[in-house]
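[1] Need a 3D model of the following:
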Amino acid sequence: MGTIVYTSPCLCWKMCASERRRFRARASACSREGTNSDEESENKCGMVNRRFAMISGASMVLGFSGEGLAVVKQGLLAGRVPGLSEPDEQGWRTYRRPDDKSGGHGVGWSPIIPYSFAVPQEWDEVPVSIADLGGTEIDLRFASPKEGRLFVIVAPVKRFSDTLGEDITIEEIGPPEKVINAFGPEVIGENVEGKVLSSEVTENSGRKYYHFELEPPHVLITATAAGNRLYLFSVTGNGLQWKRHYSDLNRIARSFRVV
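    Coordinates of the predicted model:
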């Protein structure tokens, strides 16, 4: 599996910019200041120019600009990768996780089995933050300013049980009540006791899906398992979004499939 190298934009760019300003000033001073000999002047200014070139070159290699961060990628594609279809007649698009999208889910884990879901046209992918609930196990986030937001948690099942195998089903993890009590806090960040309004089990292409509606907060969760991972698909919105767009949010939650 390829290696992804991340670099801090704030620290490194500020250092490079500061060093460039400092060496520009020195280089400018070289042309004005007097020295004991032409040879000494040439040595001093040459050293300044060489150091400035090294710093500028490092900045270019790392991919920095004055506005942000470049990710140095090696091997598999990383981060945000296109996966949306064109809108259908109703203006809905289908997202399918690209096969070559990498993910930070632990060294040694098998490739993530792709998943898909449908969203209205105005929904789009947004950056994932490790500060989000679910932390580094959030694989994807989408949002619509008008309707709400969603995210996908892909968690290794052995983090929860050493007895589970490498190709599990959601039924092997447990019935709906056990799953939502164990994994609901991964989604809402607190105990789910007394918050589960409804639960339902559906089946598609031989795979079982558990559907839950929780309140508060307003959230729909679809859970399933494949390979050695548990998939938690969460769709949520604020009070007004929930009231106005519940049918769309419910359709999104019900559309989740592991391919």
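
[2] any idea how this protein splits into domains?
    Using automatic domain parsing, the domain parsing of the chain gives 4-72, 80-258.

[3] show me where the stretch 51-200 of the chain has strands.
    Under the criterion DSSP state E, counting those that start in this stretch, the stretch 51-200 of the chain contains strands at 72-73, 92-96, 115-120, 124-125, 138-144, 148-156, 196-204.

[4] if we can go back for a sec, among the domains of the chain, show the one with the smallest mean pLDDT.
    The minimum mean pLDDT among the domains of the chain belongs to domain 4-72 (a mean of 44).

[5] for this protein, what spans make up the helices?
    Taking DSSP state H, the helices of the chain run over residues 9-32, 38-62, 170-173, 176-188, 239-254.

[6] What is the burial count for the nearest residue to Pro216 once chain neighbours are set aside?
    For Pro216, ignoring the flanking residues on the chain, the nearest one in space by Cβ to Cβ, 6 or more residues apart in numbering is Lys195 at 6.9 Å. C-beta: built from backbone N, CA, C; applies to glycine. Neighbour count for Lys195, taken as other Cβ atoms under 10 Å: 17.

[7] Relative to Asp99, how far out is Lys195?
    Distance, Lys195 to Asp99, by Cβ to Cβ, to the nearest Å: 36 Å.

[8] Lys208 - how many residues pack around it?
    Lys208 has 15 neighbours, counted by other Cβ under 10 Å.

[9] make that Gly91, sorry
    By other Cβ under 10 Å, 9 other residues sit near Gly91.

[10] OK, contacts around the residue lying closest to it once chain neighbours are set aside?
    Leaving aside its sequence neighbours, Gly91 sits nearest to Gln121 (Cβ to Cβ, 6+ apart; 4.5 Å). Contacts for Gln121 (Cβ atoms under 8 Å, 6 or more residues apart in numbering) come out as 87, 91-93.

[11] Next: Glu213.
    Applying Cβ under 8 Å, 6+ apart to Glu213 gives the contacts 196-199, 219-221.

[12] Show me which residues of stretch 156-166 are buried.
    156-158, 164 (16 or more other Cβ atoms under 10 Å).

[13] no wait, stretch 207-214
    Within stretch 207-214, the residues that qualify as buried are 209-214, counting by 16+ other Cβ under 10 Å.

[14] same question, stretch 167-176
    168, 170, 173, 176.

[15] Mind putting those into a markdown table with distance to Leu249?
    Converted to a markdown table, the buried residues of stretch 167-176 look like this (distance: Cβ to Cβ, whole Å):
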| residue | distance to Leu249 |
| --- | --- |
| Ile168 | 28 |
| Ile170 | 22 |
| Ile173 | 25 |
| Pro176 | 20 |
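
[16] Tyr115 and Phe256 touch, don't they?
    Yes. Using Cβ atoms under 8 Å, Tyr115 makes contact with Phe256 at a distance of 6.7 Å.

[17] ok so, going back, what subset of the contacts of Gln121 is buried?
    By neighbour count, with 16+ other Cβ under 10 Å, those hold 92-93 as buried.

[18] from the contacts of Gln121, which is closest to Asp139?
    Closest to Asp139 out of the contacts of Gln121 is Arg93 (18.3 Å), distances taken as Cβ to Cβ.

[19] contacting residues for that closest one?
    Neighbours of Arg93 in contact, by Cβ under 8 Å, 6+ apart: 84-87, 118-121, 123.

[20] so can I have JSON lines of these showing distance to Phe183?
    Compiled in JSON lines, those are given as follows (distance: Cβ to Cβ, whole Å):
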{"residue": "Leu84", "distance to Phe183": "27"}
{"residue": "Ser85", "distance to Phe183": "29"}
{"residue": "Glu86", "distance to Phe183": "34"}
{"residue": "Pro87", "distance to Phe183": "32"}
{"residue": "Ala118", "distance to Phe183": "23"}
{"residue": "Val119", "distance to Phe183": "23"}
{"residue": "Pro120", "distance to Phe183": "27"}
{"residue": "Gln121", "distance to Phe183": "31"}
{"residue": "Trp123", "distance to Phe183": "24"}
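
[21] Restricted to buried residues, select those residues in ChimeraX.
    With 16+ other Cβ under 10 Å as the criterion, this ChimeraX line picks the buried residues out of the contacts of Arg93:
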select :118,119,120,123
